[in-house]
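Visitor: structure of the sequence below:
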Amino acid sequence: MSAERNLLFDLVSIASASYKEAEACDYLNARLPSLGWDKSYIDYVGNVVATKGEGDNEIILLGHIDTVEGGPKPKVEDDTLWGRGAVDAKGPLCAMAIAGGKVKLARNCKLTLIAAIGEESDSRGILYRLPLHKPKACIVGEPSNTRGITIGYRGCIRAILKAKDGGGHRSADAGPLTSVTLAASEILNRLRSNDQSGKSIAYSPSGAIVSMRGQERGRRTAKMELDIRVPIGGTLEEYRLLVEKICKKYKKYKVEYDIALAIPPHVTDKNNIVAKAFRTALRRQKLEPRVVVKSGTADFNHAAAWDCPMVAYGPGDSTLDHTMTEHIVLSEYLKSIDVLETAIVLISSYVSSGVGFL
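Guide: Predicted coordinates for the structure are as follows:
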């Protein structure tokens, strides 16, 4: 098995669910210097950070090393690697690690690889790194089927609906469990009614129940967490007000809400220099570029704070994210390394000299 395949198989074989990333981080940190990176270390919160080159023009390769729980047992069958994280997002992370280690940077350029922790939970890894960098360009490692150039993601609101009382008879007062369920149902139905039929799901809102809990033992309590996806073009305030308005309808039933998480949607210019570099790199590999926007939310949204040209790119089929059939085609993974290497060289040349490549 080649070094490229070994790196990915080994990393996928190390379980690294959010808050349990330490072993995988130690492994990657130890491997990066042998891949061509000048320096590698684990930062204060647990991210793996590697650098190459020196200069004022920083290019960031931002991936994440954490995964959700579960997944298929890691194994290789012919040209396919199975395992949690193969697609989301150790495949893209390893592709960036290999490609970044190979490239020859232009003068006055610095390349930084960040294997962030916590992307699947609270994004604590990228939030810690944000004030430490002022990059001229950023590539976010997320699956895009090798040919895709992702320029946007929906936002996310986590709303917690809750209610409680001192007790009552259900025949006269349905109680907190019922009132919270009705309020949540109305929110979800309203989101569905706003569906922009015929357009990409990224431009429509959606909602799902993350968890629900309640009991009736004298005192009655209910709590439900909703995952509301904010479409590209929408605002966090618009959807917070939707939750507030519906909860107010159930005020007499003591329904309240908290916002546990709020991440705005973000879309970049499809003609920014990073996107152009990937179009050129893909065509050099005889692949037809495809610009996409995604229905999920990622560290891409947080990286918008850097206000630099950016896209997300990587091998893997994102419809397999978080599933029990998660797998990646190894030949596509290897091809993405070639695409990334070319794109990084083009971006490096541009940020160093300001000379375009198209």
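
Visitor: tell me the SS of the spatially closest residue to residue 108 that is not a sequence neighbour?
Guide: The shortest distance from residue 108 to any non-neighbouring residue, by Cβ to Cβ, 6 or more residues apart in numbering, is to residue 55 (3.5 Å). Where you see a C-beta, it was placed from the backbone N, CA and C, and this is true even at glycine. The three-state assignment at residue 55 reads coil, by DSSP: H, G, I helix; E, B strand; the rest coil.

Visitor: mind pulling up the pLDDT for residue 55?
Guide: Here the pLDDT value assigned to residue 55 is 91.

Visitor: most centrally placed residue in the protein?
Guide: Residue closest to the mean C-alpha point of the chain, counted by Cα atoms, centre = their mean, is residue 298 at 2.6 Å.

Visitor: pretty sure residue 255 contacts residue 247?
Guide: Yes: at 5.1 Å, residue 255 and residue 247 qualify as touching, with contact defined as Cβ atoms under 8 Å.

Visitor: which residues do the two both contact?
Guide: Both residue 255 and residue 247 are contacted by 161, 183, under the criterion Cβ atoms under 8 Å, 6 or more residues apart in numbering.

Visitor: circling back: was I right about the residue nearest to residue 108 contacting residue 110?
Guide: Yes: in this structure, residue 55 is within contact of residue 110 by Cβ under 8 Å, at 5.1 Å.

Visitor: neighbour-wise, which of those two wins?
Guide: residue 110 (19 against 16; other Cβ atoms under 10 Å).

Visitor: and that one, how far from residue 100?
Guide: 11 Å (Cβ to Cβ, to the nearest Å).

Visitor: ditto for residue 347
Guide: Following Cβ to Cβ, the distance that separates residue 347 from residue 100 is 11 Å.

Visitor: looking at these two, which is more packed in?
Guide: residue 347 (29 against 26).

Visitor: would you mind pulling up the elements that the helix or strand hosting the more buried one packs against?
Guide: If you go by DSSP states H and E, residue 347 is part of helix 330-353. Applying 3 or more Cβ pairs under 8 Å, 6 or more residues apart in numbering; DSSP states H and E, one finds that helix 330-353 contacts helix 3-13, strand 57-64, strand 80-82, helix 90-102, strand 109-116, strand 137-141, helix 273-284, strand 310-313.

Visitor: try it again with 7 Å
Guide: helix 3-13, strand 57-64, helix 90-102, strand 109-116, helix 273-284 (3 or more Cβ pairs under 7 Å, 6 or more residues apart in numbering; DSSP states H and E).

Visitor: quick one: which of these is nearest residue 134?
Guide: strand 57-64 (7.0 Å; Cβ to Cβ).

Visitor: list the buried residues of the closest one.
Guide: 57-64 (16 or more other Cβ atoms under 10 Å).

Visitor: picking up where we left off before, pretty sure the residue nearest to residue 108 sits against residue 105.
Guide: No: between residue 55 and residue 105 there is no contact, the gap being 8.1 Å when judged by Cβ atoms under 7 Å.

Visitor: overlap of the contact sets of those two?
Guide: Shared contacts of residue 55 and residue 105 (Cβ atoms under 7 Å, 6 or more residues apart in numbering): none.

Visitor: still on that earlier bit, how about the helices and strands packed on helix 330-353 in TSV, adding distance to residue 251?
Guide: Putting those into TSV (distance: least, Cβ to Cβ, whole Å) gives the following:
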stretch	distance to residue 251
helix 3-13	49
strand 57-64	40
helix 90-102	46
strand 109-116	40
helix 273-284	47
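
Visitor: so which of these comes closest to residue 332?
Guide: helix 90-102 (8.8 Å).

Visitor: tell me the angle of the closest one relative to strand 137-141?
Guide: Angle, helix 90-102 to strand 137-141, by axes from the mean of the first three to the mean of the last three Cα atoms, to 10 degrees: 140 degrees.

Visitor: so which residues of the stretch 101-250 of the chain form helices?
Guide: Ranges of helices within the stretch 101-250 of the chain are 124-129, 176-193, 236-249, based on DSSP state H, counting those that start in this stretch.

Visitor: please identify the most buried of these.
Guide: Each of the helices of the stretch 101-250 of the chain was scored by mean neighbour count; the highest is helix 124-129, a mean of 21, by mean count of other Cβ atoms under 10 Å.
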